[in-house]
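Chemist: Mind folding the following:
(chains A and B)
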Amino acid sequence: MLLLIFFLSTTIFKPREALSVRLPGAYAGERFRKEEAIRIWLGPRGEVSFNDATAPPDHVGEILAAKLAQNPKLVIALYADADVSYAAVSRMLDQLEVAHAPRVIFAAEQRRVP
Amino acid sequence: MKILKRRHPHPEIPLVSTADVSFLLLIFFLSTTIFVTQRGISLELPGPADRPLLLQPSKMVQVSVQGDQSVRVDGEVVAAGAVGRMLRQRLRANPDLVVRLTIDSAAPYSALVQTLDQVKLSGARQVSLQKSGER
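Modeler: Model (predicted):
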């Protein structure tokens, strides 16, 4: 009964995200806490989303700069679809440079080393 | 004459079915609970005060990913999964080696992640990622 109460009280439902992406896999992924990161989703057609709201790709740098001004220790976590072209990712990295982001994390699904 | 006292049954709430339901719910949560961990490949970006560095070719290894996802290390075609091993050999000779990563614009994002993954596995600590439009 105690265990049941534990699970009932700690279960959370994942909030709906604006974009659904398929992450690439990686063996050397590092853990990070989502509370310490600004999460950006890059969809397969190049659309950009911050958590649950889409954003114009050309204004990402300004939005990030405003968020980093509030908390300079935040890192940028990029959740890009595996099939999106590197050109779109490169434009995103240019926006990160505009915002003077200190660190970027390329989110990936953890793979086990065979 | 013996007077028999009528014994009133004590009221009870049957809890056996409640325990069954609780147990089933517990098994459901135990089997379906997953702990979501955020993982990714971290890359520190240069700050606004950092100046571009001029590197000697001997202190640099060029890793390029083509549009067809083929990988070349210093011009030599290498299997994607063997990049880490090759970089590890180069790093043994020169631990301060800088990995210059160039990715074709048409290559998918997964190629970047896989190549960075190999670079991280090799132990390289310095990576130069080509910007869009840069040669």
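
Chemist: can we go C-alpha only for contacts and neighbour counts from here?
Modeler: Will do.

Chemist: From the contact counts, what lies against the helix or strand of chain A with the lowest mean pLDDT?
Modeler: Sorting the helices and strands of chain A by mean pLDDT, DSSP states H and E puts strand A:53-55 at the bottom, at a mean of 76. Contacts defined by 3 or more Cα pairs under 8 Å, 6 or more residues apart in numbering or on different chains; DSSP states H and E place strand A:53-55 against strand A:48-50.

Chemist: after the helix or strand of chain B with the lowest mean pLDDT, next one along is what?
Modeler: Least confident helix or strand of chain B, by mean pLDDT, DSSP H and E, is helix B:16-32 with a mean of 82. Stepping forward along the backbone from helix B:16-32, the first helix or strand reached (DSSP states H and E) is strand B:39-44.

Chemist: number of nearby residues for A:Thr54?
Modeler: Neighbours of A:Thr54 under the rule other Cα atoms under 10 Å in any protein chain shown: 16.

Chemist: so what's the residue lying closest to it once chain neighbours are set aside up against?
Modeler: Leaving aside its sequence neighbours, A:Thr54 sits nearest to A:Val48 (Cα to Cα, 6 or more residues apart in numbering or on different chains; 5.7 Å). Neighbouring residues of A:Val48 by Cα atoms under 8 Å, 6 or more residues apart in numbering or on different chains: A:Ile40, A:Trp41, A:Leu42, A:Thr54, A:Ala55, A:Pro56, A:Pro57.

Chemist: so what's the fifth one up against?
Modeler: In this case it means A:Ala55. Neighbour list for A:Ala55: A:Glu47, A:Val48, A:Ser49 [criterion: Cα under 8 Å, 6+ apart].
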